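J.: Predicted model and sequence below, questions to follow.
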Amino acid sequence: MSGAVLFIKEDMKITSTQVEILVGSLNVCSLIGSLASGKTSDWIGRRYTIILAAATFLIGAILMGLAPSYSILLVGRLIAGIGVGYSLMIAPVYVAELSPTLTRGFLTSLPEVFINIGILLGYISNYALSGLPETLNWRLMLGLAAVPAVVVAIGVLTMPESPRWLVMRGRRDEARKVLIKTSETKEEAELRLKEIVEAASFSLGGASSSSAWQGEGVWKEMIFRPSRQLRRILIAAIGVNFFMQASGNDAVVYYSPEVFRDAGIANRRQQVGVTVIMGLAKTSFVLISAFYLDKFGRRPLLLLGSIGMALSLAGLGLGSKYLQYSDEKPIWAIVLCVVAVCSAVSFFSIGLGPITWVYSSEIFPMKFRAQGSSLAISVNRLVSGVVSMTFLSISREISFGGTFFALSAIMVVGTVFFYFFLPETKGKSLEEIGTLFEDRVENDQYKLLLS
């Protein structure tokens, strides 16, 4: 959308406020998909929820590509947003529930890896298509998003269901078959199945023996009478999702051409071209994070990423402020802004980008995993929508430099939060992670049950 919106604005003659609404509407509407995905995935399963997400996004992409007016374009964006909300919650949960403990961090970070690859491909296609007529180029930029949606929907049909969801529905034989396929040995599969069954019995109070369980009562317990353990988990999950979007990363990605134009890069094709460099940096560093998540753990990379973002955003604010009061637009200040943007998105890709999805999907107990992740990611989408729909307006009031200084301060607060509220989960099974948030007595009782 970042490249397409430059040409949509010219072709449809829309205002900056309409641009903010168009850009932010996807994130606000993804709140619907995020909230619905928890209950839906407990009801129809993880696989079919992914297919539902892909189908919804497909409809939105087609509408955007063919939109004859701003209103239809906005409707397509809203529908696509619902699909995005579904996918952002269900993809990491599905992968986390399917993955062995030792590789779960790497595998659960793959959705973020492919999000970044998709963003990079979007930047490249935007640059390649920017030379076409304005009435056509942005339609292709948006409409081509329908292709991966079809590929995902077809591909998921060949994949197994989550063994933990199968156990919760009383389908243990099917869960055993899936675990045998995803484990090194049959003995490992049986051990994983035993842990899942024990955890399900502990979490659901025996409800896992019946296929009738569809997530009843979870929202009421989670919101109105959470245990101390669940309250701590909710604080951690909601907090990391809040700071992920309060960092302003989505706004930087969406409005990067505007940021570069304010920095002194006037040519639209050059603005789109610089976003390709940004996309390359973003994708390269998320790969580094994915490969080292299970070696170094979640906390070190998350703290490194958030500190790096705070410094990068401060540097971007400094460069933007200097250019704001300079008539000559010196090259060093423009270079500083470009480097600072690339640095900010790179540190995001090391820390908050992949780790938010990994952490949110693995810390909830089995009973609350789908709907707890749904709640946390709904906060994520709400904050993303607010930031996206107000970024340009706030920047006009306090300048881009002032906005980036504010985002830098937010990341300092986020770093403190991560240090005190997010325990390390590396090397622990999903069934063990919940005990990190328990009081010591409850933790000992759970270990005794498993033994």
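T.: Received the coordinates, thanks.
J.: contacts for stretch 15-29?
T.: 1, 5, 8-9, 14, 70, 73-74, 77-82, 84-85, 250, 254-255, 381-382, 384-393 (CB atoms under 8 Å, 6 or more residues apart in numbering). No exception for glycine: its C-beta is placed from N, CA and C like everyone else's.
J.: For stretch 313-324, buried residues please.
T.: 313-323 (16 or more other CB atoms under 10 Å).
J.: Might you calculate how far stretch 155-166 sits from the centre of the chain?
T.: With CA atoms, centre = their mean, to the nearest Å as the basis, stretch 155-166 stands 21 Å off its chain's centre.
J.: before we move on, what about stretch 22-40?
T.: Remark: stretch 22-40 is offset 12 Å from the chain centroid, using CA atoms, centre = their mean.
J.: Same question for stretch 12-32.
T.: Centroid separation between stretch 12-32 and its chain, computed with CA atoms, centre = their mean, is 19 Å.
J.: CA atoms only for that stretch, dumped as CSV, please.
T.: This file holds the C-alpha atoms of stretch 12-32, laid out as CSV (Å, rounded to 0.1, in the frame of the first residue of the first chain):
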residue,chain,number,x,y,z
MET,A,12,-8.6,9.4,-7.4
LYS,A,13,-7.8,13.0,-6.2
ILE,A,14,-8.3,12.1,-2.6
THR,A,15,-7.1,14.1,0.5
SER,A,16,-4.4,13.3,3.0
THR,A,17,-7.2,12.5,5.5
GLN,A,18,-8.7,10.0,3.1
VAL,A,19,-5.3,8.4,2.7
GLU,A,20,-5.0,8.0,6.4
ILE,A,21,-8.4,6.4,6.6
LEU,A,22,-7.6,4.1,3.7
VAL,A,23,-4.3,3.0,5.1
GLY,A,24,-5.5,2.6,8.7
SER,A,25,-8.8,1.0,7.9
LEU,A,26,-7.1,-2.4,7.3
ASN,A,27,-5.6,-2.4,10.7
VAL,A,28,-8.8,-1.2,12.5
CYS,A,29,-10.9,-3.8,10.6
SER,A,30,-8.4,-6.5,11.3
LEU,A,31,-9.5,-6.1,14.9
ILE,A,32,-12.8,-7.9,13.8
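J.: Averaged pLDDT, that stretch. What do you get?
T.: The average pLDDT for stretch 12-32 rounds to 82.
J.: residues contacting the closest residue to G308 other than its chain neighbours?
T.: Distances taken as CB to CB, 6 or more residues apart in numbering place F347 nearest to G308, at 3.2 Å, with adjacent residues excluded. By CB under 8 Å, 6+ apart, F347 lies in contact with 285, 304-309, 312.
J.: could you say which helix or strand contains F347?
T.: helix 331-350 (DSSP states H and E).
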